[in-house]
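Participant: have a look at this prediction, sequence included:
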Amino acid sequence: MTDDTECAGTDETPGHGGVAGDDGTGCGGSARAGAGGVQGAEGAAGSHAPEAGPEHSEDGAEDGWRGWRAATEQALYGSPDGFYLRPEGPAGHFRTSVHASPLFASAVATLLRTTADDLSDAGHEGPVAFVDMGSGRGELVSGVLAALPDDFPVRAYAVERADRPAGLDPRVTWLAAPPAGVSGLLFANEWLDNVPVDVAEVDEDGVVRQVLVRPDGTERLGPPVTGADAEWLARWWLLTEPGCRAEIGRPRDEAWAAAVGTLRSGLAVAVDYGHLAQARPPYGTLTGFRAGREVAPVPDGSCDLTAHVAVDACALPGARLVRQREALSALGPFAGFRRPPLALASTDPAAYLRALSAAGEAAELTGRGGLGDFWWLRQEVGRSQGLSGPTGG
């Protein structure tokens, strides 16, 4: 597959497209990274207790065991002390493209202006919407507003389950769910990787079972995976060998489809670390982060819990997948960022340092082996049908 991929839907999976995961490559061909215990992470996780017997409930909650989806939901959002509800916010524990450089917000602002021009050409009048999914503490939406001209007509929304932070730009509407029926740009930076998912593992008899976990990170194999989750695995992440694991991405597919469905017209973009059907990691990618360090995934609220996204499974018909390095390089703020000539250091040292800093930030955002490898999942909405009904943003 090339880095620029167009995804088409199929009759077998209405509403979703991408590259099919039925090539049998779901458990082989790459080095182990982030299985039950993360290699190189501090602490221990993923140690298996005896297999769950029939007396256990489906998610194990009655006796302290539950699936990773329920455990993650509780750890990240389930109480005032949930990891993502703490005052320091995500930026206190890990660094995203938003935190790496203001150039990222400038690029998103450019994309918003391009989207507004496209909508205007299609007959849209009035302000356009900018919807920041998984807004954290509003860093991206604040940066986008700062990068836009003062007279640019925009309605800005931050979608986040935590409380609105003090001092946020009063132009930003803070919501727990995306607004319905707006036209503009919906942008989800590292949101899908935190949508909780269950984990499956193949037992020694070849049965694909749900992985159950206690709050201390101890795991055991639970009941067989059945129903819609089993169908998702068969379609997108085929498990065949004992010990192989997968994160069941069906909740992420549904979350992305629901978010896209809130747009009347415009563009939806999800940016995240992820993988495609022909290169699924054989032992999954579940891991944790705390205070800037990768740690073992323990669902006790002490760390972030995240897993790479099966981005091709999330893709709706007509979607395009492109690496961040290509996506940003196509946007205005990244055109021409090169290391400045050394001669500038003699004639204008301050300008040289500014240019050198900007070039370094651009390189971090687009570099291979890092942020530049992130996927941009782009989904146009309502372009072919044109606009109908009210045109408010």
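Facilitator: Received the coordinates, thanks. Numbers count the residues shown, from 1 in each chain.
Participant: who touches residue 185 in this structure?
Facilitator: With contact taken as Cβ atoms under 8 Å, 6 or more residues apart in numbering, residue 185 is in contact with 108, 111, 112, 115, 128, 129, 130, 131, 266, 267, 268, 269. C-beta: built from backbone N, CA, C; applies to glycine.
Participant: then residue 247?
Facilitator: Residue 247 neighbours (Cβ under 8 Å, 6+ apart): 68, 197, 198, 199, 237, 284, 285, 286, 307, 308, 310.
Participant: ok, the contacts of residue 185 vs residue 293, which is closest?
Facilitator: residue 108 (27.8 Å; Cβ to Cβ).
Participant: strands of the stretch 101-250 of the chain, residue ranges please.
Facilitator: Taking DSSP state E, counting those that start in this stretch as the test, the strands found in the stretch 101-250 of the chain are 128-133, 154-159, 172-175, 182-189, 198-202, 208-213, 219-224, 245-248.
Participant: buried ones in the fourth one, by neighbour count?
Facilitator: Neighbour-count burial for strand 182-189, counted by 16 or more other Cβ atoms under 10 Å, picks out 182, 183, 184, 185, 186, 187, 188, 189.
Participant: if we can go back for a sec, pick the one among the contacts of residue 247 closest to residue 301.
Facilitator: Distance to residue 301, by Cβ to Cβ, is smallest for residue 68 among the contacts of residue 247, at 14.4 Å.
Participant: quick one: the closest one from residue 75, how far?
Facilitator: 10 Å (Cβ to Cβ, to the nearest Å).
Participant: identify the contacts common to those two.
Facilitator: What both residue 68 and residue 75 touch, as defined by Cβ under 8 Å, 6+ apart, is the set residue 299.
Participant: got the contact list for the closest residue to residue 381 other than its chain neighbours?
Facilitator: Nearest non-adjacent residue to residue 381, counting by Cβ to Cβ, 6 or more residues apart in numbering: residue 263, 4.4 Å away. Contacts for residue 263 were tallied using Cβ under 8 Å, 6+ apart; they are 182, 183, 184, 186, 381, 382.
Participant: now the first one: how far from residue 327?
Facilitator: The reference is to residue 182. Where residue 327 is concerned, residue 182 sits at a distance of 22 Å (Cβ to Cβ).
Participant: and if you look at residue 192?
Facilitator: Taking Cβ to Cβ, one finds residue 192 at 16 Å from residue 327.
Participant: how about the strands of the stretch 101-250 of the chain, which one is nearest residue 297?
Facilitator: Comparing those by Cβ to Cβ, strand 208-213 comes nearest, at 8.5 Å.
Participant: what angle separates the closest one from strand 198-202?
Facilitator: 130 degrees (axes from the mean of the first three to the mean of the last three Cα atoms, to 10 degrees).
Participant: angles on the backbone of the residue nearest to residue 381, please.
Facilitator: Backbone torsions of residue 263, given as degrees, to the nearest 10, read phi -80, psi 130.
Participant: what sits opposite it in the beta ladder?
Facilitator: Residue 263 forms beta bridges with residue 182, as assigned by DSSP bridges.
Participant: again, but for the one 5 residues further on
Facilitator: Beta bridges link residue 268 to residue 186, residue 379 when assigned by DSSP bridges.
Participant: quick check: it vs residue 106, distance?
Facilitator: 20 Å.
Participant: who's in contact with residue 369?
Facilitator: By Cβ under 8 Å, 6+ apart, the contact set of residue 369 is empty.
Participant: low-confidence ranges, this protein, go.
Facilitator: For the chain, the stretches flagged by pLDDT under 70 are 1-62, 88-95, 332-346, 348-349, 351-362, 383-393.
Participant: quick revisit: distance to residue 256 added to the contacts of residue 247, as JSON lines?
Facilitator: Shown next, in JSON lines, are the contacts of residue 247 (distance: Cβ to Cβ, whole Å):
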{"residue": "68", "distance to residue 256": "19"}
{"residue": "197", "distance to residue 256": "13"}
{"residue": "198", "distance to residue 256": "17"}
{"residue": "199", "distance to residue 256": "20"}
{"residue": "237", "distance to residue 256": "16"}
{"residue": "284", "distance to residue 256": "20"}
{"residue": "285", "distance to residue 256": "18"}
{"residue": "286", "distance to residue 256": "19"}
{"residue": "307", "distance to residue 256": "15"}
{"residue": "308", "distance to residue 256": "15"}
{"residue": "310", "distance to residue 256": "11"}
